[in-house]
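Undergrad: Here's a sequence, model it:
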Amino acid sequence: LIDDEKEDWWWTVDSQGNKRIGPRPELIEEIKREGEVDFFYMYNSEQFLQFSRQYLQAEVSDESISQVREVRLTRSSSRSFKDWQRDAFEAEEAVFVWLTKQYPSSRIERNKYGFPNFVVYEDDSHVIGFVLKVSREPRSILMRLREVIYRAYYEINEGKLSSTTIIFAMESIEALEEAFRISRRQKDIPSNIRVLFGLLELQEDPPGFIFKLMAGFSRENSFFDSV
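TA: Predicted coordinates:
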């Protein structure tokens, strides 16, 4: 089971784009020699889950496979981990700026403990938590949404928050539209939790992202704005 994209492990050919054939012959020989193994399979994590469900009847959801795919694509991207970290930081900055415009008279704090990302104090009796999720794989949205709803519901019941807003920040309108459509499958959202979707648009001056709210829903209503 391997998600590494090293060229000395995978045998690829150039036929209308790179196509992966399987393990390189040198790797096969080394495994036979060192491990005394005559036959083996080599999968990435996504394939392993798919085949486990297909051949072993393992209980693996589509959301789990999508989540693994998102992690794998992120790791295999030509962009470095530091690039992803920078983008996540800039997305957080963009959402913070957006919040200051939405709540100009309220105190807004960053939460160094991570959940929620931001806390907005409208007054002493009403505290709103904002949870930010930056996503590039819409098909993993539903699982992530359920996880955050459970955590948010707990925090609200404990009296730490009055309500929670979950924000999914996307980099393309196509991904946002699909994520919004998939997330609407989530049923029984508590009345004090809402879900928002926004675009991260790159600007040149000053350089960085700006957050543009595009869609959202709660138990009571739903909206989607065209670009």
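
Undergrad: Please measure how far the first residue of stretch 32-52 sits from its last one.
TA: The first residue of stretch 32-52 is 25 Å away from its last residue (C-alpha to C-alpha, to the nearest Å).

Undergrad: Return the set of buried residues in it.
TA: Neighbour counts over stretch 32-52 (16 or more other C-beta atoms under 10 Å) mark Asn44, Ser45, Glu46, Gln47, Phe48, Leu49, Gln50 as buried. Every residue, glycine included, has its C-beta placed from N, CA and C.

Undergrad: Please convert those to JSON lines, extending it with secondary structure, pLDDT and distance to Ala91.
TA: Listed next are the buried residues of stretch 32-52 as JSON lines, based on DSSP: H, G, I helix; E, B strand; the rest coil; pLDDT from 0 to 100; distance: C-beta to C-beta, whole Å:
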{"residue": "Asn44", "secondary structure": "coil", "pLDDT": "75", "distance to Ala91": "27"}
{"residue": "Ser45", "secondary structure": "helix", "pLDDT": "78", "distance to Ala91": "25"}
{"residue": "Glu46", "secondary structure": "helix", "pLDDT": "78", "distance to Ala91": "25"}
{"residue": "Gln47", "secondary structure": "helix", "pLDDT": "80", "distance to Ala91": "30"}
{"residue": "Phe48", "secondary structure": "helix", "pLDDT": "83", "distance to Ala91": "31"}
{"residue": "Leu49", "secondary structure": "helix", "pLDDT": "84", "distance to Ala91": "28"}
{"residue": "Gln50", "secondary structure": "helix", "pLDDT": "85", "distance to Ala91": "30"}
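
Undergrad: so can I have TSV of these showing distance to Lys101?
TA: Output for the buried residues of stretch 32-52, formatted as TSV (distance: C-beta to C-beta, whole Å):
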residue	distance to Lys101
Asn44	42
Ser45	40
Glu46	40
Gln47	45
Phe48	45
Leu49	42
Gln50	44
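
Undergrad: next helix or strand past the longest helix seen in the chain?
TA: Counting residues, the longest helix found in the chain (DSSP state H) is helix 81-102. Counting by DSSP states H and E, the next helix or strand C-terminal to helix 81-102 is strand 107-110.

Undergrad: Report all helices and strands that the longest helix of the chain contacts.
TA: For helix 81-102, the packing partners by 3 or more C-beta pairs under 8 Å, 6 or more residues apart in numbering; DSSP states H and E come out as strand 107-110, strand 118-123, strand 126-134, strand 163-170, strand 193-203, strand 208-217.

Undergrad: mind redoing it with 7 Å?
TA: For helix 81-102, the packing partners by 3 or more C-beta pairs under 7 Å, 6 or more residues apart in numbering; DSSP states H and E come out as strand 118-123, strand 126-134, strand 163-170, strand 208-217.

Undergrad: Please list the residues outside the helix or strand just after the longest one that contact it.
TA: Spelled out, it's strand 208-217. Per DSSP H and E, the first helix or strand lying C-terminal to strand 208-217 is strand 222-224. Outside of strand 222-224, the residues within contact range by C-beta atoms under 7 Å, 6 or more residues apart in numbering are Phe180, Met214, Ala215, Gly216.

Undergrad: Now the last one: closest residue in space, sequence neighbours ignored.
TA: When you say that, I think you mean Gly216. Leu196 (4.1 Å; C-beta to C-beta, 6 or more residues apart in numbering).
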